[in-house]
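[1] Here you go, sequence then predicted model.
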Amino acid sequence: MIKFWKWIAAGVGLIAFGPIGAFLGFLIGSIVDKLLHGDEEQAGRGTGYSSKPGEFGYNLLVLVAAVMKADGKVLKSELAYVKNFFYKQFGSERTRQHLLLLRDLLKQDIRVEEVCFQIRTYTLYPARLQLLHLLFGVANADGQIHHAELQVISRISGLLGIEKRDYESIKAMFFKEVDSDYKILEIETNATEEEIKRAYRRMAVKYHPDKISHMGEEYQEAAKQKFQKVQEAYENIKKAKGIK
């Protein structure tokens, strides 16, 4: 059975008080849903989105909306990217609900501080890294990342407690520059062979898909892409420096 009170309450809160009102409405509506329907939310869905005291999916939606609005225009390519992501996570009905809420969020002035606090408090660091990767993916859906989008993502990254080197590493996966491969591995261009190999092992562990095994399938796919970027960066550096 679909639990709809949280979405109704979120919508009312959004109209009355903006994104934070939507968040509080979502929490109240979730309590009503539990009272009416019990704990029938099956663990078998295993999306990894639930986070106390709110739902990670809603928090994520607020951050996605903030990135989409940053450059003053919402593109079809961005909407398609988000729709595809949520569809793989939730299925068609819940995706429809999420997109309706996203449509309303895009009409509001969005403050991300409270939502980032919720995610930072109740979400493990590897999951926050994957969230950052997703936001870059949304911004890059049209093939380029606008400066205003980059500014918003950078601010969100800081509020989520993501270390600067990790932010630069993920950013380098979307911006091809002379030293991008080194940034991905979080090393300097004059790193020694041993430092390069040690950095690769460290980053391979940090970005390994198993780190977010509790999250949904689409997150796993994105994690594999990120992990592949680390491998590609390592191979590029080895080739450039003649390392066996």
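    Looks like it arrived, so ask away.
[2] who touches the lengthiest helix in the chain?
    Longest helix in the chain, counting residues (DSSP state H): helix 217-241. With contacts defined as Cβ atoms under 8 Å, 6 or more residues apart in numbering, helix 217-241 is touched by 48, 85, 88-89, 127, 130, 133-134, 137, 170, 173, 180-182, 184-185, 193, 196, 200, 203-204, 207-209, 211-213, 243-244. Every C-beta, even on glycine, is put in place using the N, C-alpha and C of the backbone.
[3] Also stretch 164-184?
    So stretch 164-184 is contacted by 129, 132-133, 136-137, 139-140, 145, 150, 154, 157-158, 185-186, 188-189, 191, 203, 206, 226, 229-230, 232-234, 236-237, 240 (Cβ under 8 Å, 6+ apart).
[4] Let me see the domain layout of this protein.
    Following automatic domain parsing, one finds the domains of the chain at 1-123, 176-244.
[5] follow-up on the earlier one: which of the contacts of helix 217-241 count as buried?
    Taking 16 or more other Cβ atoms under 10 Å as the criterion, what is buried in these is 48, 85, 89, 127, 130, 133-134, 137, 170, 173, 180-182, 184-185, 196, 200, 203, 207-209, 211-212.
[6] ok, back up a step: among the domains of the chain, which gets the worst mean confidence?
    Per-stretch mean pLDDT for the domains of the chain is lowest at domain 1-123 (a mean of 70).
[7] picking up where we left off before, report the buried members of the contacts of stretch 164-184.
    Buried among the contacts of stretch 164-184 by 16+ other Cβ under 10 Å: 129, 132-133, 136-137, 139-140, 145, 150, 154, 157, 185-186, 191, 203, 206, 226, 229-230, 233-234, 237.
[8] Mind jotting down where the helices sit in this protein?
    5-17, 19-37, 56-69, 76-90, 92-105, 113-122, 125-139, 147-159, 164-172, 180-184, 193-206, 217-241.
[9] re earlier: could you give the angle of the longest helix of the chain to helix 164-172?
    Counting by axes from the mean of the first three to the mean of the last three Cα atoms, to 10 degrees, helix 217-241 points 90 degrees away from the direction of helix 164-172.
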